[in-house]
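Student: Give me the fold of what follows.
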Amino acid sequence: MTVTWVILSLALLTLLLAIVTVRQGTIAVLTIFGKYQRILGPGLNFRIPYFERVHRVVSIQNRSIELDFQAITQDQANVYFKAMLLYSVLDSNEETIKNVAFKFVDERDFMTALIRTIEGSIRGFVATKRQAEILSLRKEIVESVKESIDHVLESWGYHLLDLQLNDITFDEAITKSMAQVVASSNLKAAAENEGQALLITKTKAAEAEGNAIKIAAEAEKIAAQLRGQGVALFRREVAKGMSEAASEMKQANLDASFLLFSMWTESIKSFGAESTGNVIFLDGSAEGMNKTLREMIAMQSLDRND
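Tutor: Numbering: from 1, shown residues only. Model prediction:
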């Protein structure tokens with residue numbers, strides 16, 4: 001009975017040792033006496049107990065790592081990079097998994113080689129460029145690194161999915177000088193824009209003033225013409241009225257001097273009613289009136305003789 005229980009216990013232990021569970025997204029590498037034997041996919045698997053051992057579990061999922069390193073440009077400027085590296089196993093083929101499992105002693109050694117390879121590739125590219133060019137060459141740096149290390153990573157069983165240069169900085173002195181250059185350029189551009197704006201403003205103001213003067217001159221011209229036409233019309237109407245008045249006086253057998261006398265008195269009345277402080281000297285005597293009438297009759301006689 002005891003032997004039976006021992007045999008059953010050994011059988012159960014053997015069965016338990018034969019069961020291997022592989023997580024999703026990973027592949028197990030088995031060895032016998034240290035030599036590669038086969039690979040196991042995700043899920044429930046069986047192995048030869050006591051002989052087949054799990055040498056390593058390889059993840060075929062995407063993995064990332066952050067890099068922080070320094071490079072020197074052609075003109076001896078220090079450039080500091082912060083990058084994010086995204087990589088994965090090339091594929092799940094047996095040969096690829098064997099490369100991943102046996103190329104390096106462990107994951108730590110692989111990471112060291114990967115980081116140093118990336119840093120070396122970027123340093124080599126930066127060393128051929130000047131400090132002023134680096135910020136505009138972010139895309140070119142990434143493309144150069146991918147081109148130079150893709151075949152190396154493939155020989156290790158890996159593939160570089162993406163490399164992002166998240167931050168590129170310089171020494172404090174260089175950063176300050178770059179900021180001064182940018183500030184100077186902005187001030188220059190602002191001054192040029194301000195000068196152009198001022199020129200446009202003054203030009204538009206001069207054009208507006210010229211147009212205003214032109215419009216005012218044209219308006220004054222038209223006003224002067226209208227004033228002249230008004231004066232001429234007034235004189236014509238006055239002459240017409242005087243002519244009609246003279247004709248009516250002739251029909252009434254009255255002397256034209258009465259018309260002149262009436263105009264004279266109306267003028268004096270208008271002077272007195274509408275004057276505002278001006279002094280007008282008139283000879284109000286009978287002799288002065290007779291003198292004025294004689295002069296007006298004489299002027300009328302001259303007009304008739306003409």
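Student: residues in contact with residue 37?
Tutor: By Cβ atoms under 8 Å, 6 or more residues apart in numbering, the residues touching residue 37 are 30, 31, 52. Placement of C-beta: from N, CA and C, glycine included.
Student: ok, of those residues, which one's closest to residue 124?
Tutor: Nearest to residue 124 among the contacts of residue 37: residue 31, at 38.1 Å, using Cβ to Cβ.
Student: Quick check, that closest one in contact with residue 48.
Tutor: No. Using Cβ atoms under 8 Å, residue 31 makes no contact with residue 48, being 11.2 Å away.
Student: Strands of the stretch 51-200 of the chain, start to end?
Tutor: Taking DSSP state E, counting those that start in this stretch as the test, the strands found in the stretch 51-200 of the chain are 52-59, 63-72, 78-89, 158-170.
Student: quick one: the second one to chain centroid distance?
Tutor: In terms of Cα atoms, centre = their mean, to the nearest Å, the centre of strand 63-72 is found 33 Å from the chain centre.
Student: separation between residue 39 and residue 141?
Tutor: Using Cβ to Cβ, to the nearest Å, residue 39 is found at 37 Å from residue 141.
Student: any weak-confidence spans in the stretch 1-150 of the chain?
Tutor: 1 (pLDDT under 70).
Student: okay if I get the strands of the stretch 51-200 of the chain as TSV plus mean neighbour count and distance to residue 182?
Tutor: Supplementary listing: these in TSV, determined by neighbours: other Cβ atoms under 10 Å; distance: least, Cβ to Cβ, whole Å:
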stretch	mean neighbour count	distance to residue 182
strand 52-59	16	45
strand 63-72	14	23
strand 78-89	17	18
strand 158-170	16	13
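Student: Make TSV out of those and add distance to residue 99.
Tutor: Below are the strands of the stretch 51-200 of the chain laid out as TSV (distance: least, Cβ to Cβ, whole Å):
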stretch	distance to residue 99
strand 52-59	10
strand 63-72	16
strand 78-89	9
strand 158-170	9
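Student: Relative to residue 6, which of the ones you listed is closest?
Tutor: Across the strands of the stretch 51-200 of the chain, closest to residue 6 is strand 52-59 (Cβ to Cβ), at 24.2 Å.
Student: Partner strands of that closest one and their direction?
Tutor: Note on strand 52-59: by DSSP bridges, its sheet partners are strand 26-32 (antiparallel).
Student: what angle do the strand it pairs with and strand 78-89 make?
Tutor: 70 degrees (axes from the mean of the first three to the mean of the last three Cα atoms, to 10 degrees).
Student: Now do the buried residues in strand 26-32.
Tutor: By 16 or more other Cβ atoms under 10 Å, the buried positions in strand 26-32 come out as 26, 27, 28, 29, 30, 31.
Student: residues making contact with that strand?
Tutor: Outside strand 26-32, the residues touching it (Cβ under 8 Å, 6+ apart) are 20, 22, 36-42, 45, 47-48, 51-61, 92, 97-98, 101.
Student: in the sheet, who's paired with the residue nearest to residue 70 when sequence neighbours are not counted?
Tutor: Leaving out its chain neighbours, the residue that sits closest to residue 70 by Cβ to Cβ, 6 or more residues apart in numbering is residue 80, at 5.4 Å. On the basis of DSSP bridges, residue 80 is bridged to residue 70, residue 169.
Student: Understood, closing this out.
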